[in-house]
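Got a predicted structure plus its sequence, pasted below:
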Amino acid sequence: MSRWTELTGKPTGEDYAARFASLTLGGEDMHGEARFCAALVPAGARVLDAGCGTGRVMIRLAELGYDCVGVDLDASMLAVARKLSPELPWFQLDLAEFEPGLLGIAAGFDLVVAAGNIFPLLTPGTENTVVGRLSAALRPGGLLVAGFGLDEAHLPVPPSLTLPEYDDGCAAAGLTLVDRFATWDADPYDGGGYAVSVHRR
């Protein structure tokens, strides 16, 4: 069972979407992840949103002209995404089992983004499997971008994955670290409790 399922234990999509809608109404910028991704690859690039949730990041990237595919395990989250943008391709699947061909889509993504603490919320022990699956979906030279918390202050669950462990998994999957930041606004990483990592295949 994923840590996300253990954490929620019930449909959460509408509640999750409502929280971000409230933040937006309060003047918060909810598009940092999409802006970060858009700075890495040009409009028109193929993007996989791995753990897309309610579609907040992917919908914005699609609006900016990206060719997007979303995958998530949580049916309630995907229900919200499909209601918001029914024209976009949304798939329900465990990332540990992700294989583009099984979904009838091509591999060769220019960028895979895993925002929202995807890796710390995976089923324990599947982190390297997921990295391998996502790496295999990239074209040569493609980028994997993942942002996640590293301590209790930045996670809704106890910390379970360190940056060295994540980097080792990426290296085993044929990925090389390109850069690392402290936020989706590309602030320099200073060893703090949250990191956005960019790896290249």
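All right, it came through fine. Being a predicted model, the structure only gives us computed values, none of them experimental.

Skip the chain neighbours and tell me the closest residue to Gly192.
Distances taken as CB to CB, 6 or more residues apart in numbering put Ala182 closest to Gly192, at 5.6 Å, once the chain neighbours are dropped. In short, each C-beta sits where N, CA and C put it, glycine included.

low pLDDT regions in this structure?
Counting by pLDDT under 70, the chain shows low-confidence ranges at 1-30.

in it, which spans are strands?
Using DSSP state E, the strands of the chain run over residues 46-50, 67-72, 90-92, 109-114, 138-149, 176-181, 194-200.

Any chance of TSV for those, columns mean neighbour count and distance to Ala34?
What follows is the strands of the chain, written out as TSV (neighbours: other CB atoms under 10 Å; distance: least, CB to CB, whole Å):
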stretch	mean neighbour count	distance to Ala34
strand 46-50	26	9
strand 67-72	24	10
strand 90-92	17	17
strand 109-114	25	9
strand 138-149	20	11
strand 176-181	14	15
strand 194-200	21	13
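
Adding distance to Asp168, write those out as a markdown table.
Formatted as a markdown table, the strands of the chain follow (distance: least, CB to CB, whole Å):
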| stretch | distance to Asp168 |
| --- | --- |
| strand 46-50 | 19 |
| strand 67-72 | 24 |
| strand 90-92 | 28 |
| strand 109-114 | 17 |
| strand 138-149 | 14 |
| strand 176-181 | 11 |
| strand 194-200 | 12 |
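
list the contacts for the residue nearest to Asp110 when sequence neighbours are not counted?
Leaving out its chain neighbours, the residue that sits closest to Asp110 by CB to CB, 6+ apart is Ala45, at 3.9 Å. Ala45 is in contact with Tyr66, Asp67, Asp110, Leu111, counting by CB atoms under 8 Å, 6 or more residues apart in numbering.

List the backbone torsions phi and psi for Ala45.
With angles defined as degrees, to the nearest 10, Ala45 sits at phi -70, psi 150.

picking that back up, around the residue nearest to Gly192, how many other residues sit close by?
Look at Ala182: counted by other CB atoms under 10 Å, it has 17 neighbours.

I'd say it and Ser197 touch.
No - the criterion here is CB atoms under 8 Å, and Ala182 misses it with Ser197 at 10.9 Å.

what separates Tyr166 from Leu175, distance-wise?
10 Å (CB to CB, to the nearest Å).
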